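Enquirer: The sequence and its predicted three-dimensional model are supplied below.
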Amino acid sequence: MALIIDHPSPITQENGQGTNGHAGLKETVRQLARERKAVILAHNYQDGAIQDVADCVGDSLNLAKYARATDAEIILFCGVHFMAEAAVMLNPAKLVLMPDLGAGCALADMIVPQQIRQWRAQHPDGAVVCYINTSAAVKAECDYCCTSSNAVKVVEHIPQEKEILFVPDYYLGSYVKAKTKRNIHLWKGYCPAHAVILPERIDALRDEHPDAEFLMHPECGCLTKQMDLADQILSTEGMVSHVRRSPAQTFIIATETGILHRMRQQNPDKTFLPASEHASCHYMQRNTLEKVFWSLVKLQYPVTVDPALAQRALVPIERMLAIS
Ligand code: SF4
């Protein structure tokens with residue numbers, strides 16, 4: 001597909017800085033997206049400048065649904081690799097691009113297919129539920145997929161008598177186990193970005209801001225200690241809609257700090273305090289607005305999934321989409 005850029009490039013080199021600032025670059029990116037018939041999808045944890053140019057900003061589930069429904073020819077996925085893989089599997093005929101193929105996920109890397117097969121052999125009657133933060137190869141070994149917004153619903157859908165093997169996030173699994181009271185075995189994976197959110201810091205913030213609502217993502221490493229104290233335990237999308245509706249003026253947000261951009265933009269009269277300034281995912285931050293620009297110019301970097309693998313990995317994803 002040939003693309004003629006009839007406007008001067010705002011970037012002089014691929015990893016360099018724009019010469020006309022973010023505003024000009026954002027405008028150029030939007031124009032390129034229209035010319036390419038591309039949609040830009042951005043996860044809630046992406047840099048604010050990327051969220052500003054996206055057609056859809058959301059959590060993994062919303063982005064997967066948007067990716068399935070779009071009639072655009074190109075999906076430029078600004079998130080991490082497992083999310084782009086899901087978009088490929090839901091849209092095998094479309095070109096799915098990522099601005100940086102190095103945007104992986106430490107949590108997803110904490111389990112590989114062989115480990116699922118070994119665990120399943122120890123629990124032959126169990127149902128394996130995987131968090132969406134897993135590779136396509138891992139999903140292909142599982143029975144159900146879930147996101148943080150529908151994990152409880154997915155587990156409740158599984159027949160009561162089944163024991164459940166939950167991978168890879170220990171804290172999300174613990175939350176689901178507490179909510180559903182089901183017989184759930186937990187894999188001991190965790191997200192390093194959420195692991196830096198410490199109970200002591202949350203206690204201090206709550207003392208300083210007694211009227212603030214405390215919202216927590218179920219991936220947080222301190223979840224088991226703070227579960228009873230959180231006003232709400234929510235997925236990223238759940239948090240975004242909650243703060244819009246809530247009469248509270250101040251919120252303590254325990255998740256990756258990228259989400260604060262959207263909250264502040266949509267609620268300029270409210271105050272949002274990160275539970276930790278350090279809760280930043282360096283995989284998500286590999287994507288930049290400059291790389292988004294180059295991705296549209298050069299149609300880089302395509303994400304592919306072997307069709308036979310995709311067929312198997314789609315089974316737990318489609319089951320999840322049917323339930324949620
Ligand atoms: S925030 Fe954690 S779970 Fe999400 S992509 Fe980054 S490493 Fe993975």
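Expert: Great, that's in hand. Residues are numbered from 1 along each chain as shown.
Enquirer: middle-most residue in this protein, spatially?
Expert: In the chain, the centroid-proximal residue (C-alpha atoms, centre = their mean) is S60; its distance is 4.4 Å.
Enquirer: OK, contacts around that one?
Expert: Contacts for S60 (C-beta atoms under 8 Å, 6 or more residues apart in numbering) come out as 43, 79, 83, 86, 132-133, 147. C-betas here are computed from N, CA, C, even on glycine.
Enquirer: Repeat that for L61.
Expert: Contacts for L61 were tallied using C-beta under 8 Å, 6+ apart; they are 132, 147, 149-150, 235, 237, 324.
Enquirer: Can you tell me which of those residues is closest to A23?
Expert: Distance to A23 across the contacts of L61 (C-beta to C-beta) is lowest for E237, with 27.5 Å.
Enquirer: My guess is L289 contacts G48. True?
Expert: No. Applying C-beta atoms under 8 Å as the test, L289 and G48 come out as separate, 9.4 Å apart.
Enquirer: Give me the more crowded residue out of those two.
Expert: Remark: of L289 and G48, L289 carries more neighbours, 23 against 15, as counted by other C-beta atoms under 10 Å.
Enquirer: what sits against that one?
Expert: With C-beta under 8 Å, 6+ apart, L289 has these contacts: 18, 22, 25-26, 29, 47, 49-50, 53.
Enquirer: Close to the ligand as well: tell me which of the residues you listed qualify.
Expert: With the criterion set as C-beta under 6 Å from any ligand atom, no member of the contacts of L289 is near the ligand.
Enquirer: Need those residues in a markdown table (columns: pLDDT).
Expert: Shown next, in a markdown table, are the contacts of L289 (pLDDT from 0 to 100):
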| residue | pLDDT |
| --- | --- |
| G18 | 41 |
| H22 | 84 |
| L25 | 96 |
| K26 | 97 |
| V29 | 98 |
| D47 | 95 |
| A49 | 96 |
| I50 | 97 |
| V53 | 98 |
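Enquirer: Give me the buried subset of those residues.
Expert: Buried members of the contacts of L289, counted by 16 or more other C-beta atoms under 10 Å: 18, 22, 25-26, 29, 47, 49-50, 53.
Enquirer: Going along the chain, name the helices of the stretch 51-200 of the chain.
Expert: 60-69, 81-90, 113-122, 136-139, 151-157, 170-180, 192-195, 199-208 (DSSP state H, counting those that start in this stretch).
Enquirer: what about the strands in this protein?
Expert: Listed in chain order, the strands of the chain (DSSP state E) span 38-43, 56-58, 74-78, 95-97, 127-131, 144-146, 164-167, 184-186, 213-216, 232-233, 250-254, 271-274.
Enquirer: Redo those strands as a markdown table? Include mean pLDDT.
Expert: Shown next, in a markdown table, are the strands of the chain (pLDDT from 0 to 100):
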| stretch | mean pLDDT |
| --- | --- |
| strand 38-43 | 97 |
| strand 56-58 | 95 |
| strand 74-78 | 97 |
| strand 95-97 | 97 |
| strand 127-131 | 98 |
| strand 144-146 | 96 |
| strand 164-167 | 98 |
| strand 184-186 | 98 |
| strand 213-216 | 94 |
| strand 232-233 | 87 |
| strand 250-254 | 96 |
| strand 271-274 | 98 |
